[in-house]
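Engineer: here is a sequence together with a model predicted from it:
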Amino acid sequence: MTHPTPREATRSDADLVAAAGAGDEQAFRTLYRAYARPVYWLAHSLVGTQADAEDVTQETFLAAWRKLPALELAGQSLLPWLVTICRFQSANRIRRQQRDREHTAAAVDETLPATVDVEQQVVDAAQVERIITEVGTLSALDQQIFRLCAAEGYAYHAAAERLGVSHGVVRNRLSRIRAQLRSSIEPEGT
(Lines give C-alpha, C1' and ligand atoms only; values in the text may rest on other atoms or scores of the structure.)
Protein backbone atom coordinates (compact mmCIF):
# COMPACT_ATOMS: atom_id res chain seq x y z
CA MET A 1 0.00 0.00 0.00
CA THR A 2 1.40 3.40 -0.99
CA HIS A 3 1.07 6.22 1.51
CA PRO A 4 1.29 9.95 0.88
CA THR A 5 4.66 11.59 1.37
CA PRO A 6 4.97 14.01 4.32
CA ARG A 7 4.68 16.91 1.86
CA GLU A 8 1.45 15.47 0.43
CA ALA A 9 0.07 14.78 3.90
CA THR A 10 0.40 18.47 4.78
CA ARG A 11 -1.40 19.76 1.68
CA SER A 12 -5.01 20.72 2.37
CA ASP A 13 -7.90 19.04 0.61
CA ALA A 14 -8.59 22.35 -1.16
CA ASP A 15 -5.02 22.45 -2.53
CA LEU A 16 -5.21 18.82 -3.62
CA VAL A 17 -8.65 19.30 -5.23
CA ALA A 18 -7.40 22.35 -7.16
CA ALA A 19 -4.32 20.46 -8.34
CA ALA A 20 -6.31 17.33 -9.24
CA GLY A 21 -8.93 19.43 -11.01
CA ALA A 22 -6.11 20.88 -13.13
CA GLY A 23 -5.07 17.34 -14.08
CA ASP A 24 -2.48 16.50 -11.41
CA GLU A 25 -2.87 12.73 -11.11
CA GLN A 26 -0.57 12.54 -8.05
CA ALA A 27 -2.84 14.96 -6.16
CA PHE A 28 -5.82 12.81 -7.08
CA ARG A 29 -3.98 9.66 -5.92
CA THR A 30 -3.32 11.39 -2.58
CA LEU A 31 -7.03 12.18 -2.20
CA TYR A 32 -7.91 8.62 -3.18
CA ARG A 33 -5.54 7.14 -0.59
CA ALA A 34 -6.94 9.49 2.05
CA TYR A 35 -10.62 8.73 1.43
CA ALA A 36 -10.99 5.38 -0.34
CA ARG A 37 -11.45 3.41 2.87
CA PRO A 38 -14.26 5.52 4.41
CA VAL A 39 -16.01 5.67 1.02
CA TYR A 40 -15.71 1.87 0.76
CA TRP A 41 -17.17 1.41 4.27
CA LEU A 42 -20.15 3.56 3.40
CA ALA A 43 -20.64 1.80 0.06
CA HIS A 44 -20.48 -1.61 1.73
CA SER A 45 -23.06 -0.58 4.31
CA LEU A 46 -25.36 0.56 1.50
CA VAL A 47 -24.93 -2.17 -1.12
CA GLY A 48 -24.10 -5.08 1.18
CA THR A 49 -21.44 -7.01 -0.74
CA GLN A 50 -17.70 -6.60 -1.05
CA ALA A 51 -17.71 -6.73 -4.85
CA ASP A 52 -20.47 -4.15 -5.19
CA ALA A 53 -18.82 -1.91 -2.57
CA GLU A 54 -15.52 -2.05 -4.48
CA ASP A 55 -17.33 -1.16 -7.72
CA VAL A 56 -19.24 1.70 -6.06
CA THR A 57 -16.01 3.02 -4.55
CA GLN A 58 -14.36 3.06 -7.98
CA GLU A 59 -17.44 4.65 -9.56
CA THR A 60 -17.46 7.30 -6.81
CA PHE A 61 -13.88 8.30 -7.46
CA LEU A 62 -14.37 8.20 -11.23
CA ALA A 63 -17.33 10.59 -10.88
CA ALA A 64 -15.28 12.74 -8.50
CA TRP A 65 -12.37 12.90 -10.97
CA ARG A 66 -14.74 14.14 -13.68
CA LYS A 67 -16.31 16.78 -11.41
CA LEU A 68 -13.15 18.06 -9.68
CA PRO A 69 -12.38 20.83 -12.21
CA ALA A 70 -15.64 22.58 -11.26
CA LEU A 71 -15.42 21.93 -7.50
CA GLU A 72 -14.52 24.81 -5.21
CA LEU A 73 -13.58 23.48 -1.79
CA ALA A 74 -13.34 26.33 0.69
CA GLY A 75 -11.00 24.88 3.30
CA GLN A 76 -13.31 21.95 4.04
CA SER A 77 -12.79 18.23 3.95
CA LEU A 78 -13.52 16.53 0.64
CA LEU A 79 -15.17 13.63 2.46
CA PRO A 80 -18.76 14.98 2.74
CA TRP A 81 -18.80 15.62 -1.02
CA LEU A 82 -17.50 12.10 -1.69
CA VAL A 83 -20.14 10.68 0.69
CA THR A 84 -22.86 12.35 -1.38
CA ILE A 85 -21.46 10.92 -4.61
CA CYS A 86 -21.12 7.48 -2.99
CA ARG A 87 -24.76 7.52 -1.85
CA PHE A 88 -25.92 8.35 -5.40
CA GLN A 89 -23.66 5.68 -6.94
CA SER A 90 -24.93 3.11 -4.41
CA ALA A 91 -28.56 4.00 -5.10
CA ASN A 92 -27.94 3.72 -8.85
CA ARG A 93 -26.31 0.30 -8.42
CA ILE A 94 -29.18 -0.98 -6.26
CA ARG A 95 -31.77 0.28 -8.79
CA ARG A 96 -29.86 -1.35 -11.67
CA GLN A 97 -29.69 -4.65 -9.81
CA GLN A 98 -33.41 -4.53 -9.01
CA ARG A 99 -34.21 -3.77 -12.66
CA ASP A 100 -31.97 -6.62 -13.81
CA ARG A 101 -33.66 -9.08 -11.41
CA GLU A 102 -37.12 -7.98 -12.52
CA HIS A 103 -36.24 -8.40 -16.23
CA THR A 104 -34.47 -11.70 -15.80
CA ALA A 105 -36.85 -13.97 -13.93
CA ALA A 106 -34.58 -16.98 -14.33
CA ALA A 107 -31.51 -15.25 -12.91
CA VAL A 108 -30.76 -15.93 -9.28
CA ASP A 109 -28.39 -13.60 -7.47
CA GLU A 110 -26.36 -16.03 -5.36
CA THR A 111 -24.37 -13.21 -3.77
CA LEU A 112 -27.31 -12.07 -1.67
CA PRO A 113 -28.12 -13.95 1.51
CA ALA A 114 -31.47 -15.71 1.71
CA THR A 115 -32.64 -13.15 4.27
CA VAL A 116 -31.53 -9.55 4.17
CA ASP A 117 -31.95 -7.48 7.30
CA VAL A 118 -32.82 -4.20 5.59
CA GLU A 119 -33.41 -2.43 8.88
CA GLN A 120 -29.91 -3.34 10.09
CA GLN A 121 -28.38 -2.19 6.79
CA VAL A 122 -30.11 1.18 7.16
CA VAL A 123 -28.90 1.49 10.77
CA ASP A 124 -25.33 0.52 9.78
CA ALA A 125 -25.31 2.97 6.87
CA ALA A 126 -26.62 5.77 9.07
CA GLN A 127 -23.97 5.03 11.69
CA VAL A 128 -21.15 5.07 9.13
CA GLU A 129 -22.48 8.34 7.75
CA ARG A 130 -22.58 9.88 11.27
CA ILE A 131 -18.97 8.80 11.83
CA ILE A 132 -17.85 10.23 8.49
CA THR A 133 -19.67 13.50 9.19
CA GLU A 134 -18.18 13.74 12.69
CA VAL A 135 -14.66 13.03 11.41
CA GLY A 136 -15.16 15.85 8.90
CA THR A 137 -15.59 18.31 11.80
CA LEU A 138 -12.22 17.43 13.36
CA SER A 139 -9.10 19.53 12.96
CA ALA A 140 -6.81 18.65 10.05
CA LEU A 141 -4.32 16.95 12.40
CA ASP A 142 -7.06 14.95 14.12
CA GLN A 143 -8.45 13.85 10.73
CA GLN A 144 -4.98 12.68 9.71
CA ILE A 145 -4.49 10.84 13.01
CA PHE A 146 -7.89 9.14 12.66
CA ARG A 147 -7.22 8.21 9.03
CA LEU A 148 -3.79 6.77 9.75
CA CYS A 149 -4.59 4.92 12.99
CA ALA A 150 -8.25 3.98 12.70
CA ALA A 151 -8.70 3.66 8.95
CA GLU A 152 -5.26 2.53 7.77
CA GLY A 153 -4.13 0.60 10.85
CA TYR A 154 -0.97 2.56 11.65
CA ALA A 155 0.54 2.04 15.12
CA TYR A 156 0.80 5.18 17.27
CA HIS A 157 4.57 5.38 16.76
CA ALA A 158 4.36 5.04 12.96
CA ALA A 159 1.58 7.64 12.75
CA ALA A 160 3.58 9.99 14.97
CA GLU A 161 6.62 9.66 12.72
CA ARG A 162 4.56 10.21 9.60
CA LEU A 163 2.89 13.33 11.03
CA GLY A 164 5.97 14.72 12.77
CA VAL A 165 4.42 14.72 16.24
CA SER A 166 5.11 12.74 19.40
CA HIS A 167 3.73 9.30 20.21
CA GLY A 168 1.84 10.85 23.14
CA VAL A 169 0.13 13.40 20.91
CA VAL A 170 -1.18 10.64 18.64
CA ARG A 171 -2.26 8.43 21.55
CA ASN A 172 -4.03 11.25 23.45
CA ARG A 173 -5.72 12.77 20.41
CA LEU A 174 -6.88 9.40 19.12
CA SER A 175 -8.35 8.59 22.54
CA ARG A 176 -10.21 11.91 22.52
CA ILE A 177 -11.36 11.36 18.90
CA ARG A 178 -12.71 7.90 19.71
CA ALA A 179 -14.57 9.24 22.77
CA GLN A 180 -16.05 12.03 20.65
CA LEU A 181 -17.13 9.58 17.95
CA ARG A 182 -18.66 7.19 20.48
CA SER A 183 -20.69 9.99 22.04
CA SER A 184 -21.83 11.26 18.64
CA ILE A 185 -23.03 7.89 17.33
CA GLU A 186 -24.75 6.54 20.43
CA PRO A 187 -28.51 6.53 20.00
CA GLU A 188 -30.17 9.47 21.70
CA GLY A 189 -31.70 8.74 25.07
CA THR A 190 -29.18 6.04 26.06
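Structural biologist: Yep, it's here. Numbering: from 1, shown residues only.
Engineer: from here on, contacts and neighbour counts on C-alpha atoms
Structural biologist: Will do.
Engineer: secondary structure class for Tyr154?
Structural biologist: Three-state call for Tyr154 (DSSP: H, G, I helix; E, B strand; the rest coil): coil.
Engineer: what about it, neighbour count?
Structural biologist: Counted with other Cα atoms under 10 Å, the neighbours of Tyr154 add up to 16.
Engineer: which one is it nearest to, not counting chain neighbours?
Structural biologist: Leu148 (5.4 Å; Cα to Cα, 6 or more residues apart in numbering).
Engineer: how much space separates that neighbour from Phe61?
Structural biologist: 20 Å (Cα to Cα, to the nearest Å).
Engineer: and Arg87, by the same measure?
Structural biologist: According to Cα to Cα, Arg87 and Phe61 sit 12 Å apart.
Engineer: just the element for the most centrally placed residue in the chain, please.
Structural biologist: Nearest residue to the geometric centre of the chain (Cα atoms, centre = their mean): Pro38, 2.2 Å. Element membership for Pro38 (DSSP states H and E) is helix 25-47.
Engineer: neighbouring contacts of the following helix or strand past that helix?
Structural biologist: Using DSSP H and E, the helix or strand that follows helix 25-47 in sequence is helix 50-67. With Cα atoms under 8 Å, 6 or more residues apart in numbering as the test, helix 50-67 has contacts from 20-21, 28, 32, 36, 39-41, 43-44, 47, 82, 85-86, 89-90, 93.
Engineer: give me the angle between helix 50-67 and helix 25-47.
Structural biologist: Comparing the axes of helix 50-67 and helix 25-47 via axes from the mean of the first three to the mean of the last three Cα atoms, to 10 degrees yields an angle of 140 degrees.
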